[in-house]
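Enquirer: after the sequence you'll find the predicted model.
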Amino acid sequence: MKNLFKIALTALMLLSVESYAQESIIPEIKYADLEKYIDLAKQNYTKIKILDAKTESIKTAIPIAAVSYLDPFSGSYFYRPTGKTVIDPLNPYNVNGFQFGINLNLGAYLQKPFQAKKAKYDYKVAQLEQKDNEIQVTLEVKKRYYDYIQQIAALKIFTQSAQDSKSVAESLRNRFEKGEITLEAYNQSRIIQTNAFTSKIQAEANYLRAKDLLEEIVGQKLSDIK
């Protein structure tokens, strides 16, 4: 039991060395890279493109609303040959030659100023939504970048821990073969080694997921960004 306590204590000390070596991820943050990722996300992220297209579509409603002031007006003409009798029992006001007329749908005409105003407000709302979306994308890029840096740091820690636990296990195996420690103590070191390697594998998976999420919003592989 005494040997087992020493083994566990030694392993824990080794697994903790690298953790204390890096107490913060802040020095690892590269703000120049972060700004590049934000700019690329604003250019490439699908949600940004969709909202940009939506804003431009709404913008076209403004000139359309201005031109539509002519919609309530309609023109017509009537032609009566000059050789015909002017007197027309059905329409005594009918005369020879061309007759022109303009019709106005008053209800439709009165709606036009409100439709134009609505088009302008819709465009303003779309612009505000666009700005808000850019803010949200900026925050999301930062979140994913910080998580990416965190997972890199975690992977380094667990990789070092796995290497240390492997060294401890190999050392204790030699001591076990020489009869210096018990089988129980040796098995305990193997369990610690297994746990360390399991943690390393989980850290690798977390790192890959964080990298994929950052690349997804940036729109490019990080290795391709100069």
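Expert: Structure's in. What do you need?
Enquirer: tell me the helices in the chain, going along the chain?
Expert: Using DSSP state H, the helices of the chain run over 2-21, 31-44, 46-59, 61-67, 106-177, 183-218.
Enquirer: what packs against the fifth one?
Expert: Using 3 or more C-beta pairs under 8 Å, 6 or more residues apart in numbering; DSSP states H and E, the elements in contact with helix 106-177 are helix 2-21, helix 31-44, helix 46-59, helix 61-67, helix 183-218. For the C-beta atoms, the positions are set from N, CA and C on the backbone; glycine is no exception.
Enquirer: flag the shaky bits of this structure, pLDDT-wise.
Expert: Across the chain, the ranges flagged by pLDDT under 70 are 1-22, 65-111.
Enquirer: make it 80
Expert: Where the chain drops to pLDDT under 80, the residues are 1-23, 51, 61-116, 119.
Enquirer: want to throw the helices of the chain into TSV with mean neighbour count and distance to I225?
Expert: As requested, these are exported to TSV (neighbours: other C-beta atoms under 10 Å; distance: least, C-beta to C-beta, whole Å):
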stretch	mean neighbour count	distance to I225
helix 2-21	14	29
helix 31-44	15	6
helix 46-59	14	17
helix 61-67	13	38
helix 106-177	16	12
helix 183-218	17	7
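Enquirer: any chance of CSV for those, columns distance to K226?
Expert: Below are these laid out as CSV (distance: least, C-beta to C-beta, whole Å):
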stretch, distance to K226
helix 2-21, 31
helix 31-44, 9
helix 46-59, 22
helix 61-67, 40
helix 106-177, 17
helix 183-218, 13
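Enquirer: now the helices and strands packed on helix 106-177 in TSV, with distance to K117?
Expert: Converted to TSV, the helices and strands packed on helix 106-177 look like this (distance: least, C-beta to C-beta, whole Å):
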stretch	distance to K117
helix 2-21	62
helix 31-44	30
helix 46-59	14
helix 61-67	8
helix 183-218	37
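Enquirer: closest to K142 out of those helices?
Expert: Across these, K142 has its closest neighbour in helix 31-44 (6.7 Å, C-beta to C-beta).
Enquirer: relative orientation of that closest one and helix 46-59 in degrees?
Expert: 50 degrees (axes from the mean of the first three to the mean of the last three C-alpha atoms, to 10 degrees).
Enquirer: F176: which of the helices and strands packed on helix 106-177 is closest?
Expert: helix 183-218 (4.0 Å).
Enquirer: now for that closest one, which elements pack on it?
Expert: helix 2-21, helix 31-44, helix 106-177.
Enquirer: no further questions, thank you.
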